[in-house]
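[1] Show me how the following folds:
(one chain, ligands or ions: 1)
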Amino acid sequence: MSPILPGRITPDDDRLMEELTCRRCATTVLVRKNTRTQTSIQWLADAGETCTELAEQRAAGKPTGLVSGCTALRETIEDAVTEGRISVLDEVR
Ligand SMILES: [Zn+2]
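    Presented below is the predicted three-dimensional model:
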């Protein structure tokens, strides 16, 4: 499983982000695949409230700031990459 790195995104980078909706909780995020193994995610809403899985983890006492996405979202991203809906920047020439 590739790591998902929460990262700051500069305004310039926004156009490189693709909107993606988590298939489980319908949270919408902006995703940027820098490489096959590096993913940046920008949450558009408070993930701890919109994502059921993150809400559960928060309820269990885990700080959501340390959680970079729910399992379903990661799978959604992987599928989107496989289907070519999200391009891997590293591989776009
Ligand atoms: Zn989710």
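[2] so Ile41, which of the three states?
    Under DSSP: H, G, I helix; E, B strand; the rest coil, Ile41 falls in the strand class.
[3] Surely it touches Val31?
    Yes: assessed by C-beta atoms under 8 Å, Ile41 is found in contact with Val31 at 5.7 Å. No exception for glycine: its C-beta is placed from N, CA and C like everyone else's.
[4] Find the residues that touch each one of these two.
    Ile77 (C-beta atoms under 8 Å, 6 or more residues apart in numbering).
[5] my read: Ala45 touches Thr27, true?
    Yes: using C-beta under 8 Å, Ala45 is in contact with Thr27, at 6.7 Å.
[6] tell me the phi and psi of Arg85?
    phi -80, psi -20 (degrees, to the nearest 10).
[7] Give me the pLDDT for it.
    In this model, Arg85 is scored at 89, pLDDT.
[8] next one: Ala47
    Value for Ala47, per-residue pLDDT: 73.
[9] Now it. Nearest residue, chain neighbours left out?
    Leu54 (4.9 Å; C-beta to C-beta, 6 or more residues apart in numbering).
[10] ok, and for the strand or helix carrying the one you found, which residues are buried?
    Assigned by DSSP states H and E, Leu54 belongs to helix 52-59. In terms of neighbour count (16 or more other C-beta atoms under 10 Å), helix 52-59 has its buried residues at Glu53, Leu54, Ala55, Gln57, Arg58.
[11] restrict those to those near the ion?
    Counting by C-beta under 5 Å from the ion, Glu53 from the buried residues of helix 52-59 sit close to the ion.
[12] from the buried residues of helix 52-59, which two are the most distant?
    Spanning the widest gap among these are Glu53 and Arg58, at 9.8 Å by C-beta to C-beta.
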